[in-house]
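Asks: Sequence and computational prediction follow.
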Amino acid sequence: MLGNFQPHLIEYLRFLPEILLTIFGIAIMMLEAGLPAGNKRILGGLGLLGIGAAFIANVWVFGSSGSAFQNMIANDGYGTFFRGLVLVVGFLCILASFTYLEREGAQSGEFYSLILFSLVGQCVLATSTDLIMVFIGLEISSIATYVLAGFLRDDRRNNESALKYFLLGSFATAFLLYGIAWIYGLLGSTNLEAIRRTLDETQHPSILVGLALALLFVGLGFKVSVAPFQIWAPDVYQGAAAPVSAFMSAGPKAAAFAVFFRVFLYSFRPLNESWLPLAWVCALLTMVIGNFGALLQTNVKRMLGYSSIAHAGYVMVALAAGSQIGMTAAMFYLASYALMNIGAFAVISHIASRNEKFVKIDDLDGLVRREPMMSALLAVFVFSLIGVPLTGGFFGKFYVFQAALDSHLVWLTVFGLLNSAIAAYYYLKIIVAVFMREPAANTVRLIPASPSLRIAIWASAIGVLILGIFPSTLLNFVNESAAAFH
């Protein structure tokens, strides 16, 4: 009997990116013990090599699409896209962290191992087709990210950030696990395909199924910081190290949205009438809370934290559309958002200097006179966050609102556009400070950015512009992936 459960070689190949990330993460931890303190940057290079190998493996195994491990993961176009996206996020964040860690005296292999282990969890989430695997992937990703949030152990802001994230995250995970238990008890399976079949055959599902679905919504809603489960995001993004904030705002969020769409738009599609109004309300609340909260901020990292909430609201608009077009729009939007947010946080990490002393909007005054190229790149990211044409952010919002209109969500589209206009106000405060103000008399001279940081920023900016000028480079693939998935 047990022989029937022996995985075949092809199943290991379909899980190859996660295997490679795990091997490299463990290797970094073991090698660190034998390296002198001044050579820890080599471990970061090893981390980049591991992510690069995992990305190549992700592309390679896409040709052998199919399920693995008793249909617990699926190697399809949808999973391949999200797995590739979180790997790109991890690669850019490691590139942006070299100089930061050296400046803070925290260069350590632990940091790179934690990034890789978090990516393992995110990749599992991207390909999971079973709620048990969803829980496992979420915990692998979350535990590593909790530690990353408090990585600078001597920094009280980091400690506060990690504690808040851990306590609230554990609480939300309990809701998710309780929902999974209810789903299994009521429907007899945790497999997403089996759940879909059972619901298709059931004309009047029990009200308890709706309650279980609500518990899942709470658990996943926390991970993507949608209202009313967003309260942790601004504090954690402000307190964590800037490269970690960039990583948290893009990677774990994209992976959690991958699960959101797979669970709600596939498995529980027969219950659309029950949960789509909830998604509508959450999308509106998330946009309003995120944008109005950001209006009041003077700290750039905290502003980007509230901005992250607002952008989760825009993705929820696509979810509320409940259609293939909505899924395509969300996938494109998440890719654009990841690049522009990582780029913005990378620039801020450079300007902040040691101990992140300069992270207020006023500290950006006259930046163009000190760092003209860095200022221009920051402007690209800010304009993309606003949704200015010829940037990825513009097409991301365009496709999201188009999907909402196609699903006759006229009022949600109107509210979304109004929120985008509100967001322009606080984003433009950054542009005004950088380009239209004189630097303060006591402005500290910036140390030139390292090559690795410049590569991360330039790569993010080029990606944002490519998605804005040639959106079809990615749009065709995500459209095919969404069509096959839907």
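Replies: Yep, that arrived.

Asks: Who are the contact partners of Phe217?
Replies: Phe264, Trp275, Leu278 (C-beta atoms under 8 Å, 6 or more residues apart in numbering). For the C-beta atoms, the positions are set from N, CA and C on the backbone; glycine is no exception.

Asks: go with 10 Å
Replies: Going by C-beta atoms under 10 Å, 6 or more residues apart in numbering, Phe217 touches 175-176, 179, 226, 229, 260, 263-264, 268, 275, 278-279, 282.

Asks: Could you tell me which of these belong to helices?
Replies: In helices, defined here by DSSP state H, the members of the contacts of Phe217 are Phe175, Leu176, Gly179, Phe260, Trp275, Leu278, Ala279, Cys282.

Asks: and which of those is nearest Thr413?
Replies: Ala279 (14.2 Å; C-beta to C-beta).

Asks: any idea which helix or strand comes after the worst-scoring helix or strand of the chain on mean pLDDT?
Replies: For the chain, the helix or strand with the lowest mean confidence is strand 66-68, at a mean of 73 (criterion: mean pLDDT, DSSP states H and E). Counting by DSSP states H and E, the element after strand 66-68 in chain order, helix or strand, is strand 73-75.

Asks: Name the residues that touch that following strand?
Replies: Everything outside strand 73-75 that qualifies as a contact, by C-beta under 10 Å, 6+ apart, is 10-11, 13-18, 58, 61-68, 79-80, 83, 123-124, 126-130, 133, 137, 192-193, 262, 485.

Asks: coming back round to it: with respect to pLDDT, which of the contacts of Phe217 ranks lowest?
Replies: When the contacts of Phe217 are sorted by pLDDT, the bottom entry is Trp275 at 79.

Asks: Give the residue spans of the protein that score low on pLDDT.
Replies: 1-5, 37-38, 440-444, 484-486 (pLDDT under 70).

Asks: which parts of the least confident helix or strand of the chain are buried?
Replies: Ser67, Ala68 (16 or more other C-beta atoms under 10 Å).

Asks: same thing with stretch 56-73?
Replies: Ala57, Asn58, Val61, Phe62, Ser67, Ala68, Met72, Ile73.

Asks: repeat for stretch 342-360
Replies: Neighbour count says stretch 342-360 has 342-353, 356, 358-360 buried, by 16+ other C-beta under 10 Å.

Asks: Just give me the closest of those to Phe117.
Replies: Ile342 (19.3 Å).

Asks: and Val317, what does it touch?
Replies: So Val317 contacts 279-280, 282-284, 286-287, 326, 329-330, 333, 397, 400-401, 403-404, 407, 409, 412-413, 415-416, 419 (C-beta under 10 Å, 6+ apart).

Asks: counting contacts, what elements does the stretch of helix or strand Trp458 belongs to pack onto?
Replies: Following DSSP H and E, the helix or strand that holds Trp458 is helix 451-469. The helices and strands touching helix 451-469, judged by 3 or more C-beta pairs under 10 Å, 6 or more residues apart in numbering; DSSP states H and E, are helix 41-61, helix 77-103, helix 242-262, helix 324-352, helix 372-386, helix 392-406, helix 472-485.

Asks: how much space between Ala33 and Val134?
Replies: The spacing between Ala33 and Val134, counted by C-beta to C-beta, to the nearest Å, is 34 Å.

Asks: my bad, should have said Phe229
Replies: The value you get for Phe229 to Val134, if C-beta to C-beta is used, is 17 Å.

Asks: just Val359 next, same as before
Replies: On the measure of C-beta to C-beta, Val359 and Val134 end up 35 Å apart.

Asks: How about Tyr333?
Replies: The value you get for Tyr333 to Val134, if C-beta to C-beta is used, is 22 Å.

Asks: Likewise for Arg262?
Replies: Distance from Arg262 to Val134, by C-beta to C-beta: 9 Å.

Asks: who's more crowded, these two?
Replies: With neighbours defined as other C-beta atoms under 10 Å, Arg262 and Val134 compare such that Val134 has more, 26 against 23.

Asks: Ignoring the adjacent residues along the chain, who's closest to the more buried one?
Replies: Ser128 (4.6 Å; C-beta to C-beta, 6 or more residues apart in numbering).

Asks: burial of that neighbour, as a residue count?
Replies: 25.

Asks: Who are the contact partners of it?
Replies: Ser128 neighbours (C-beta under 10 Å, 6+ apart): 72-74, 79, 134-138, 192, 255, 258-259, 262-263.

Asks: Of these, which is the most crowded?
Replies: Ranking these using other C-beta under 10 Å puts Ala255 first, with 31 neighbours.

Asks: contacting residues for it?
Replies: 82-83, 85-86, 89, 118-119, 121-128, 137-138, 141, 223-224, 334.

Asks: Give the other helices and strands that the helix or strand hosting Glu18 contacts.
Replies: Using DSSP H and E, Glu18 sits within helix 16-32. Packed against helix 16-32 by the contact rule (3+ C-beta pairs under 10 Å, 6+ apart) you find helix 41-61, strand 73-75, helix 77-103, helix 109-127, helix 131-149.

Asks: gap between the shortest one and the chain center?
Replies: Averaged C-alpha coordinates place strand 73-75 at 20 Å from its chain's average position (C-alpha atoms, centre = their mean, to the nearest Å).

Asks: returning to that earlier point: can I get the ones in helices among the contacts of Phe217 in JSON lines with neighbour count?
Replies: Formatted as JSON lines, the ones in helices among the contacts of Phe217 follow (neighbours: other C-beta atoms under 10 Å):
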{"residue": "Phe175", "neighbour count": "19"}
{"residue": "Leu176", "neighbour count": "24"}
{"residue": "Gly179", "neighbour count": "22"}
{"residue": "Phe260", "neighbour count": "23"}
{"residue": "Trp275", "neighbour count": "21"}
{"residue": "Leu278", "neighbour count": "16"}
{"residue": "Ala279", "neighbour count": "24"}
{"residue": "Cys282", "neighbour count": "24"}
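
Asks: Which of those lies at the shortest distance from Leu475?
Replies: Nearest to Leu475 among the ones in helices among the contacts of Phe217, with distances taken as C-beta to C-beta, is Phe260, at 20.5 Å.

Asks: circling back: now do the helix holding Glu18: distance to the chain's middle.
Replies: Counting by C-alpha atoms, centre = their mean, helix 16-32 comes out at 22 Å from the chain centroid.

Asks: Lys429 is nearest to which of the helices and strands packed on helix 16-32?
Replies: Per C-beta to C-beta, nearest to Lys429 of the helices and strands packed on helix 16-32: helix 77-103, 23.4 Å.

Asks: circling back: so of the helices and strands packed on helix 16-32, which one's packed in deepest?
Replies: helix 109-127 (a mean of 27; mean count of other C-beta atoms under 10 Å).

Asks: can you state the direction angle for that helix and helix 16-32?
Replies: 170 degrees (axes from the mean of the first three to the mean of the last three C-alpha atoms, to 10 degrees).

Asks: tell me what helix 109-127 is packed against?
Replies: helix 16-32, helix 41-61, strand 73-75, helix 77-103, helix 131-149, helix 242-262.

Asks: possible to save the ones you listed as JSON lines with distance to Ile386?
Replies: What follows is those, written out as JSON lines (distance: least, C-beta to C-beta, whole Å):
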{"stretch": "helix 16-32", "distance to Ile386": "34"}
{"stretch": "helix 41-61", "distance to Ile386": "30"}
{"stretch": "strand 73-75", "distance to Ile386": "36"}
{"stretch": "helix 77-103", "distance to Ile386": "21"}
{"stretch": "helix 131-149", "distance to Ile386": "28"}
{"stretch": "helix 242-262", "distance to Ile386": "17"}
